[in-house]
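A.B. asks: Just need the structure, nothing else, for what follows:
(chains A, B, C and D)
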Protein chains: 4
Amino acid sequence: MEKLRSALREFASARKWQPFHTPKNLCMALSVETAELTEIFQWMDSEESRVVDTTTLQHIAEEIGDVMIYLTMLADKFDLDPLNCAKQKILLNAEKYPHP
Amino acid sequence: MEKLRSALREFASARKWQPFHTPKNLCMALSVETAELTEIFQWMDSEESRVVDTTTLQHIAEEIGDVMIYLTMLADKFDLDPLNCAKQKILLNAEKYPHP
Amino acid sequence: MEKLRSALREFASARKWQPFHTPKNLCMALSVETAELTEIFQWMDSEESRVVDTTTLQHIAEEIGDVMIYLTMLADKFDLDPLNCAKQKILLNAEKYPHP
Amino acid sequence: MEKLRSALREFASARKWQPFHTPKNLCMALSVETAELTEIFQWMDSEESRVVDTTTLQHIAEEIGDVMIYLTMLADKFDLDPLNCAKQKILLNAEKYPHP
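C.D. replies: Next comes the predicted model:
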């Protein structure tokens, strides 16, 4: 995770993208990438979406990669790690949705 | 990452949520969580969004956690790891956006 | 349509919301409202989503109303009418997706 | 509005798209179209987004058209009219956000 964060910092820095990479803008980019994932599933039947062909799987992997990239860049602006955020949130969710 | 994936599998399993957790449905949930992040930034000035107070930071961390949770659950349905997907995608993006 | 546009202009003006109502911000608000609609359908089976109870129908109507409100306010910033934009776009789509 | 609704019904019918046009699927398509609008504004400064060139304006008009098309098709599945939904919602919002 730490390696991904620094790789993304270098990537943006080398292209001089930091002035554009405000949290607000990165959040918009994150929602655009999420929609590219949605586009793959939009006309599929819900059960059918469990099984996809190799080309679609490759496409899904790339779009998940893009969502993860923007999520990590956004989190990094606040010195947050998405993985830690998820772990913290699971504890809160466990209280919110108890199970027998 | 592996620990997060198995924790999420157990969480969904204990609550018997798997029948609802098709990739299509998880993708919709992912877009809902992304929008909850968008809601935080929607009326902020772009530059101002770089600096937030403690309460907002806590809110951002929780929503990033939720996005990460749904992204991980979606990826897991295809035996994918979001972190690996991001690493692969950076290599592709480096070709797409070369820099001097 | 013209009445809706002027009603929304007055509504925002009376509350002194115009400084916040830049196209960028309105577009983010539009995506948040769209997600509130998505939240209603996220765990439903695709076919089942065709038939909903009275409470859900009321909820859907309200969220469609909110999406329409933000779409109209966004369009109005560019002196556009969403209804005319749709009519123009249908002509373009008819060329893009011809049918026998 | 009534003309747009029937034009869209014919358009989908002629292309035999109705089996895919469940409310759930149309809602996903709506969120994809909203994101195409978001893509236009994502890297713009908020104030700058008020003034756009002719090409961008044409692009915005087309994407607003697409959002309106999917919103109308979704609403039509429940025999709702987005314009009426917006008018009803303004009355509710006026109670929710009173002004002096």
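A.B. asks: Which single residue in chain A comes nearest to chain D?
C.D. replies: Closest approach between chain A and chain D, counting by CB to the nearest CB: residue A:35, at 3.1 Å. Any C-beta I mention is one placed from the backbone N, CA and C, and that applies to glycine too.
A.B. asks: Can you tell me the element that residue falls in?
C.D. replies: Take DSSP states H and E as the rule and residue A:35 turns out to sit in helix A:23-41.
A.B. asks: Could you check the angle that helix makes with helix C:23-41?
C.D. replies: Counting by axes from the mean of the first three to the mean of the last three CA atoms, to 10 degrees, helix A:23-41 lies at 40 degrees to helix C:23-41.
A.B. asks: Relative to residue D:11, how far out is residue A:61?
C.D. replies: Using CB to CB, to the nearest Å, residue A:61 is found at 34 Å from residue D:11.
A.B. asks: again with residue A:92
C.D. replies: Distance of residue A:92 to residue D:11, given as CB to CB: 46 Å.
A.B. asks: what does residue A:7 give?
C.D. replies: 46 Å.
A.B. asks: Contacts for the strand or helix carrying residue A:4 next, please.
C.D. replies: Assessed by DSSP H and E, residue A:4 sits inside helix A:2-14. The contact list for helix A:2-14, computed with CB atoms under 8 Å, 6 or more residues apart in numbering or on different chains, reads A:18, A:21, A:68-69, A:72-73, A:76, A:81, B:83, B:86-87, B:90, B:93-94, B:99.
A.B. asks: what about 10 Å?
C.D. replies: Applying CB atoms under 10 Å, 6 or more residues apart in numbering or on different chains, the set of residues contacting helix A:2-14 from outside is A:17-18, A:20-21, A:26, A:68-70, A:72-73, A:75-76, A:79-83, B:82-84, B:86-87, B:90, B:93-94, B:97-100.
A.B. asks: Residue A:92 and residue D:11: who's more crowded?
C.D. replies: Per other CB atoms under 10 Å in any protein chain shown, whichever of residue A:92 and residue D:11 has more neighbours is residue D:11, with 17 against 12.
A.B. asks: For residue A:74, see how far away the more buried one is.
C.D. replies: Residue D:11 is 38 Å from residue A:74, by CB to CB.
A.B. asks: Off-centre distance for stretch A:89-100?
C.D. replies: Centroid separation for stretch A:89-100 versus its chain: 22 Å, with CA atoms, centre = their mean, to the nearest Å.
A.B. asks: Do it and chain B come into contact?
C.D. replies: Yes: Stretch A:89-100 reaches chain B (CB under 10 Å from any CB of the partner chain) through A:89, A:90, A:91, A:92, A:93, A:94, A:97, A:98, A:99, A:100.
A.B. asks: Assign a three-state SS to residue A:45, would you?
C.D. replies: With DSSP: H, G, I helix; E, B strand; the rest coil as the basis, residue A:45 sits in coil.
A.B. asks: mind showing which ranges of chain A have poor pLDDT?
C.D. replies: Applying pLDDT under 70 to chain A flags the ranges A:100.
A.B. asks: For it, which residues are neighbours of chain D?
C.D. replies: Where chain A comes near chain D, counting by CB under 10 Å from any CB, the residues are A:17, A:19-22, A:24-46.
A.B. asks: now do 7 Å
C.D. replies: Proximity of chain A to chain D (CB under 7 Å from any CB of the partner chain) is limited to residues A:20, A:25, A:28, A:29, A:31, A:32, A:35, A:38, A:39, A:41, A:42, A:43.
A.B. asks: count of neighbours near the closest residue to the first one other than its chain neighbours?
C.D. replies: When you say that, I think you mean residue A:20. Nearest residue to residue A:20 in three dimensions, chain neighbours excluded: residue D:43, at 4.9 Å (CB to CB, 6 or more residues apart in numbering or on different chains). If you count neighbours by other CB under 10 Å, residue D:43 ends up with 17.
A.B. asks: Need phi/psi at residue D:43.
C.D. replies: For residue D:43, the backbone dihedrals (degrees, to the nearest 10) come out as phi -100, psi 0.
A.B. asks: my guess is it meets residue A:26, correct?
C.D. replies: No: at 10.0 Å, residue D:43 does not count as touching residue A:26 under the criterion of CB atoms under 7 Å.
A.B. asks: check contacts around residue A:28.
C.D. replies: By CB atoms under 7 Å, 6 or more residues apart in numbering or on different chains, the contact list for residue A:28 reads C:28, D:38, D:41, D:42.
A.B. asks: So which of those wins on neighbours?
C.D. replies: residue C:28 (27 neighbours).
A.B. asks: Please report the distance of that one from residue B:34.
C.D. replies: For residue C:28, the distance to residue B:34 - CB to CB - is 11 Å.
A.B. asks: go on, residue A:94?
C.D. replies: Residue A:94 is 22 Å from residue B:34, by CB to CB.
A.B. asks: Show me which residues of chain A are close to chain C?
C.D. replies: Residues of chain A found near chain C (CB under 7 Å from any CB) are A:28, A:31, A:45, A:46.
A.B. asks: Kindly list the longest helix within chain A.
C.D. replies: helix A:54-77 (DSSP state H).
A.B. asks: Chain B: which of the contacts of residue A:28 is nearest?
C.D. replies: The closest of these to chain B turns out to be residue C:28 (CB to the nearest CB; 4.0 Å).
A.B. asks: Might you report the residue contacts of residue A:75?
C.D. replies: By CB under 7 Å, 6+ apart, the residues touching residue A:75 are A:81, A:82, A:85, B:64.
A.B. asks: try residue A:87
C.D. replies: Neighbour list for residue A:87: residue B:4 [criterion: CB under 7 Å, 6+ apart].
A.B. asks: Please, which helix or strand holds it?
C.D. replies: helix A:82-96.
A.B. asks: May I have the secondary structure class of residue A:79?
C.D. replies: Applying three-state DSSP: residue A:79 is coil.
A.B. asks: okay, now it: neighbour count?
C.D. replies: Count around residue A:79 with other CB under 10 Å applied: 8.
A.B. asks: May I have the phi/psi pair for it?
C.D. replies: Residue torsions, per degrees, to the nearest 10, at residue A:79 are phi 60, psi 30.
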